[in-house]
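Engineer: Pasting the sequence and the predicted model now:
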There are 4 protein chains.
Amino acid sequence: MRALHELEKKMMKVRNHLSGKLLFGKAGDIRDALCFHALTSRAGLSTARQNFVATGSYSDKIVAPYSVYKGKAALSVSPILPTFTKLDSGAIKVDRRGVMLLKFFPAVGERKYDWEKRQLFALSATEVGSMISLGPKDSCEFFHDPSMQSSNAGQVRKSLSIKPHADGTGYFVSLSVVNNILKTNDRVTVPVTSAEFAVMRTAFSFALPHIMGWDRYTNQLPASIVENRSKVVPQLLDSEWDK
Amino acid sequence: MRALHELEKKMMKVRNHLSGKLLFGKAGDIRDALCFHALTSRAGLSTARQNFVATGSYSDKIVAPYSVYKGKAALSVSPILPTFTKLDSGAIKVDRRGVMLLKFFPAVGERKYDWEKRQLFALSATEVGSMISLGPKDSCEFFHDPSMQSSNAGQVRKSLSIKPHADGTGYFVSLSVVNNILKTNDRVTVPVTSAEFAVMRTAFSFALPHIMGWDRYTNQLPASIVENRSKVVPQLLDSEWDK
Amino acid sequence: MRALHELEKKMMKVRNHLSGKLLFGKAGDIRDALCFHALTSRAGLSTARQNFVATGSYSDKIVAPYSVYKGKAALSVSPILPTFTKLDSGAIKVDRRGVMLLKFFPAVGERKYDWEKRQLFALSATEVGSMISLGPKDSCEFFHDPSMQSSNAGQVRKSLSIKPHADGTGYFVSLSVVNNILKTNDRVTVPVTSAEFAVMRTAFSFALPHIMGWDRYTNQLPASIVENRSKVVPQLLDSEWDK
Amino acid sequence: MRALHELEKKMMKVRNHLSGKLLFGKAGDIRDALCFHALTSRAGLSTARQNFVATGSYSDKIVAPYSVYKGKAALSVSPILPTFTKLDSGAIKVDRRGVMLLKFFPAVGERKYDWEKRQLFALSATEVGSMISLGPKDSCEFFHDPSMQSSNAGQVRKSLSIKPHADGTGYFVSLSVVNNILKTNDRVTVPVTSAEFAVMRTAFSFALPHIMGWDRYTNQLPASIVENRSKVVPQLLDSEWDK
């Protein structure tokens, strides 16, 4: 039997209470990402420490980022899966949402990148939806406030912008971090070719159902389990007609 | 060993006997969803109580909806997998078709939604096909009669419509429920941005083979099973030439 | 332990020796499906009886077709997985290719279809590729000779054609079977809406890697297997540089 | 228990240190595939012998290529999965990147191809991204140096070009190998129809997350594992806010 480990770790907590600032029209209705045609969105994300008990080992951790190394900076992307909680009813519920994590590393020499100065940006499912549906001439921008809903709200502002190359051969992906506490203002830009963006689009589309937890909705039970059941029962449902 | 639980539960029963009303041309041939370019479809779905024996525990139930929260209402979507029956021959047959379940919740305050007043609409595989192939200017509408083929047929009518924003930045998703028995007439509308719709399109495309039961057609057997077979035998088939 | 069953069964055998007849241009090079823009293709498929030993039970058989029921006929589609053979080296090799099986049933009354008079057509991977890349104005046609490479070659000819509706709202899918031995000439047509075709396109795209056997190329080993290996070894490969 | 086999085998080693030569603009930033609209890319790949211990049996090897047989040559494609290493921390890290392996065989007679004279070309994830996003009028070209970073650097040059048919019905896929040591200059071209390319596009899109190792990011744990955990813990993460 495995020992339980009590871990204390800063964990990202993506809140769904989005504080979208309306850019135009349809006030009060659209409080979410409006990214398609050169629009911008705002998503408030807060920080939280969180204790949790790891009942599994670390073997769950997979390290397989997709990375593009350019002259001034590198960009590395990988999905972070959601966590699940088992309810008293036995149901498995998504606890913390998954995200697509972007890491930026500034270059400090020929093919050398500074791990210590990395900057992170975590895309929500809807922001991933924006990215994978970007046309070759489209741009978008996302705003995050890591300290939202804390006393430091508004002190640190991160924005990620994706803008097309003039000749349609790719995009500039830029992360800007304005920290009013440390009085810093960092900006890092990585040019991404169409081919690299195609890899991201395909890999993000593959990963999206996984970060949403939808890959748990599956009929692919091992054969041995199937055979032991005379009738395979799916998740119970609130039917369309239950009221 | 697990105890068997006898459950009585209202279950949605999607009938395949669609009562499509012809809108134009090709009479008698097209009795199904005609959704592409601002057309409408009619699907008759009936309600039924159904007893069944759950041989598994509740752990099968997954709670991972994709939700969009807007000013007047929220929309939450999640797939419902099909059920399977094991035939005497040993074959596994789809029993009740899977659906994509849409739940609408009216707002009752700042970021508060009324769970009690939720309205449901279950999309069939073909209706999901309509949604995921909608162009940015396209609209579609589906009609369901929850009481079809019962004495209450025609008393309750539900219709779901998806209409594009004038500026192409998303869709209005509206559910209308006319209940002639209760003399009620409810309508709830949720604006969905292009980014949110892209998430739905990608997640629905991922889920479609699963609600059809096609994810059971797979070669991904565990290695241990593969190694115990000198030859892996697929499902037997009525060949193209068997007559 | 399971008993072995010796089964004799007519099995479809899709041969890769395609006898494409050139329709125009590029003679000698293109002997395969040429379907995109109103072109036609010819694929020769032969029939064969084949004995095989089923070392598994029938539980492998999945019955989950996608069916469209129309006034004059119904069309039902489902994937047929490939079979695999284990080589002496331990490698798993595709033996018989998978196909997408189309079954047509003529109507014999209101919502009644004649199972006895069904006609089958099995699409190869390349023919599936044609179908899923059809534009709304495109058409294609495939020719099969079930008796190819036997003494009856040329006696039975099957052709499947897919033609767009004039208004772009779907396709007509027609199967023609000319049997010179029985002196029969059957033709069955099923109109398929854009929404239904979108379901097929999505489900066929999902199924294509499975009928090719590519879903066997996967890193998704159960965790228990992963943990027992200090280093996970992929399939050995003829490298790009091995000569 | 299985015996360990010590294997010595030439293995392809795809290095990520790409030596892209800039073709125009954005110097120093784009050192990767620039393929989209008739551009070319350069990727340096080196050769290496490598010993490794196979702790599994050969059953991992899958043989399921997608092949097109034409008059002058045949082309066969199949994915090569990445290898993984288990770190001391327990994390699973991609060791050698996966690739899409293209094999060309010259014809030596009617439907006979010379296995001995095969030429290989291994596409990286980014090069696969170029291929799957090619429009019907687009072309691209990749350059590999198998001896890169060895004393033979520059002595052998391989280039793969994909050019559209004039009438948009497919592509010409050509591999050129110039070997200055052996004084050889080989070129093999396989015409690929739109339908065949659609199969490749779909199968490559399916395989891309697998050759990247992203299929390891999945929530699809066997039910038995899920039930033994009160809380399923995902990979630990460097949060967006951890500094």
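Structural biologist: Thanks, I have the structure now. Fair warning: this is a prediction, and the values are worked out from it, not measured in the lab.
Engineer: for the top helix by length along chain A, packing partners?
Structural biologist: In chain A, ranked by residue count with DSSP state H as the criterion, the top helix is helix A:194-212. Counting by 3 or more CB pairs under 8 Å, 6 or more residues apart in numbering or on different chains; DSSP states H and E, the packing neighbours recorded for helix A:194-212 are strand A:66-69, strand A:73-80, strand A:99-109, helix A:125-132, strand A:170-179, helix B:194-212, helix D:125-132, helix D:194-212. Bear in mind the C-beta positions are built from the backbone N, C-alpha and C, glycine included.
Engineer: Give me the contact list for the third one.
Structural biologist: Applying CB atoms under 8 Å, 6 or more residues apart in numbering or on different chains, the set of residues contacting strand A:99-109 from outside is A:12, A:14, A:65, A:70-80, A:113-115, A:117-124, A:127-128, A:160, A:173, A:175, A:188, A:190, A:204, A:207, A:211, D:237-238, D:240.
Engineer: Please pull out the lowest mean pLDDT helix or strand from chain A.
Structural biologist: Here the helix or strand of chain A ranked lowest by mean pLDDT, DSSP states H and E is strand A:5-13, holding a mean of 24.
Engineer: Give me the secondary structure label for the residue nearest to A:S174 when sequence neighbours are not counted.
Structural biologist: On the basis of CB to CB, 6 or more residues apart in numbering or on different chains, the spatially nearest residue to A:S174 that is not a chain neighbour turns out to be A:T189, at 4.2 Å. Using DSSP: H, G, I helix; E, B strand; the rest coil as the criterion, the local structure at A:T189 reads strand.
Engineer: Identify the residues contacting A:T189.
Structural biologist: Residues in contact with A:T189 (CB under 8 Å, 6+ apart) are A:72-73, A:172-175.
Engineer: Drop anything exposed from those.
Structural biologist: The neighbour-count test (16 or more other CB atoms under 10 Å in any protein chain shown) applied to the contacts of A:T189 identifies A:73, A:172-175 as buried.
Engineer: Out of the residues you listed, which comes closest to B:V156?
Structural biologist: Taking CB to CB as the measure, A:V173 is the one of these closest to B:V156, at 50.1 Å.
Engineer: quick one: contacts for A:Y171?
Structural biologist: Applying CB under 8 Å, 6+ apart, the residues near A:Y171 are A:134, A:139, A:162-165, A:191-192, A:197.
Engineer: So which bits of stretch A:110-125 are buried?
Structural biologist: For stretch A:110-125, the neighbour count (16+ other CB under 10 Å) marks A:113, A:118-125 as buried.
Engineer: same check, this time on stretch A:125-142
Structural biologist: Buried residues in stretch A:125-142, counted by 16+ other CB under 10 Å: A:125-134, A:138-142.
Engineer: Please list which of the residues you listed are also close to chain B.
Structural biologist: With CB under 8 Å from any CB of the partner chain as the criterion, the members of the buried residues of stretch A:125-142 in contact with chain B are A:125-130, A:132-133.
Engineer: hmm, back to that, what about the contacts of A:Y171, which are in strands?
Structural biologist: Using DSSP state E to define strands, the subset of the contacts of A:Y171 located there is A:162-164, A:191-192.
Engineer: low-confidence ranges in chain A?
Structural biologist: Judged by pLDDT under 70, chain A has its weakly predicted residues at A:1-60, A:220-243.
Engineer: and the contacts of A:T189 as JSON lines, adding distance to C:L87?
Structural biologist: As requested, the contacts of A:T189 are exported to JSON lines (distance: CB to CB, whole Å):
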{"residue": "A:K72", "distance to C:L87": "50"}
{"residue": "A:A73", "distance to C:L87": "48"}
{"residue": "A:F172", "distance to C:L87": "50"}
{"residue": "A:V173", "distance to C:L87": "46"}
{"residue": "A:S174", "distance to C:L87": "52"}
{"residue": "A:L175", "distance to C:L87": "50"}
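Engineer: So which of those residues is the closest to C:A91?
Structural biologist: Nearest to C:A91, judged by CB to CB, of the contacts of A:T189 is A:V173 at 41.8 Å.
Engineer: residue contacts, the closest one?
Structural biologist: Residues near A:V173 by CB under 8 Å, 6+ apart: A:75, A:102, A:160-162, A:189-192.
Engineer: What of A:W214?
Structural biologist: If you count contacts by CB under 8 Å, 6+ apart, A:W214 has them with B:64, B:66, B:78-79, B:203, B:206-207.
Engineer: Try it again at 10 Å.
Structural biologist: Going by CB atoms under 10 Å, 6 or more residues apart in numbering or on different chains, A:W214 touches A:82, A:94, A:125, A:208, B:62, B:64-66, B:78-79, B:202-204, B:206-207, B:210, D:219.
Engineer: Next one: A:C140 from A:T126, what distance?
Structural biologist: 11 Å (CB to CB, to the nearest Å).
Engineer: Neighbours of A:H210, how many?
Structural biologist: Using other CB atoms under 10 Å in any protein chain shown, the number of residues around A:H210 comes to 23.
Engineer: The residue nearest to A:R187 when sequence neighbours are not counted: what's it in contact with?
Structural biologist: Closest residue to A:R187 apart from its sequence neighbours, by CB to CB, 6+ apart: A:S176 at 4.7 Å. When contacts are counted by CB under 10 Å, 6+ apart, A:S176 is found next to A:119, A:121, A:141, A:143, A:157-161, A:185-189.
Engineer: Tabulate those in JSON lines, adding columns for secondary structure.
Structural biologist: As requested, the contacts of A:S176 are arranged in JSON lines below (three-state DSSP):
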{"residue": "A:Q119", "secondary structure": "strand"}
{"residue": "A:F121", "secondary structure": "strand"}
{"residue": "A:E141", "secondary structure": "strand"}
{"residue": "A:F143", "secondary structure": "strand"}
{"residue": "A:R157", "secondary structure": "strand"}
{"residue": "A:K158", "secondary structure": "strand"}
{"residue": "A:S159", "secondary structure": "strand"}
{"residue": "A:L160", "secondary structure": "strand"}
{"residue": "A:S161", "secondary structure": "strand"}
{"residue": "A:N185", "secondary structure": "strand"}
{"residue": "A:D186", "secondary structure": "strand"}
{"residue": "A:R187", "secondary structure": "strand"}
{"residue": "A:V188", "secondary structure": "strand"}
{"residue": "A:T189", "secondary structure": "strand"}
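Engineer: Highest neighbour count among those residues?
Structural biologist: For those, neighbours were counted by other CB under 10 Å; the highest total belongs to A:F121, with 25 neighbours.
Engineer: Is that residue in contact with A:R157, as I believe?
Structural biologist: No: at 11.8 Å, A:F121 does not count as touching A:R157 under the criterion of CB atoms under 10 Å.
Engineer: anything in contact with each of these two?
Structural biologist: Both A:F121 and A:R157 are contacted by A:144, A:146, A:176-177, under the criterion CB under 10 Å, 6+ apart.
Engineer: how about those residues, which pair is most distant?
Structural biologist: When CB to CB is used, the two most widely separated members of the shared contacts of A:F121 and A:R157 are A:P146 and A:S176, lying 13.3 Å apart.
Engineer: any common contacting residues for the two?
Structural biologist: Taking CB under 10 Å, 6+ apart as the criterion, A:P146 and A:S176 both touch A:121, A:157-158.
Engineer: Which of the residues you listed lies at the shortest distance from chain B?
Structural biologist: Of all the shared contacts of A:P146 and A:S176, A:F121 has the smallest distance to chain B: 16.0 Å, by CB to the nearest CB.
Engineer: This completes my enquiry, with thanks.
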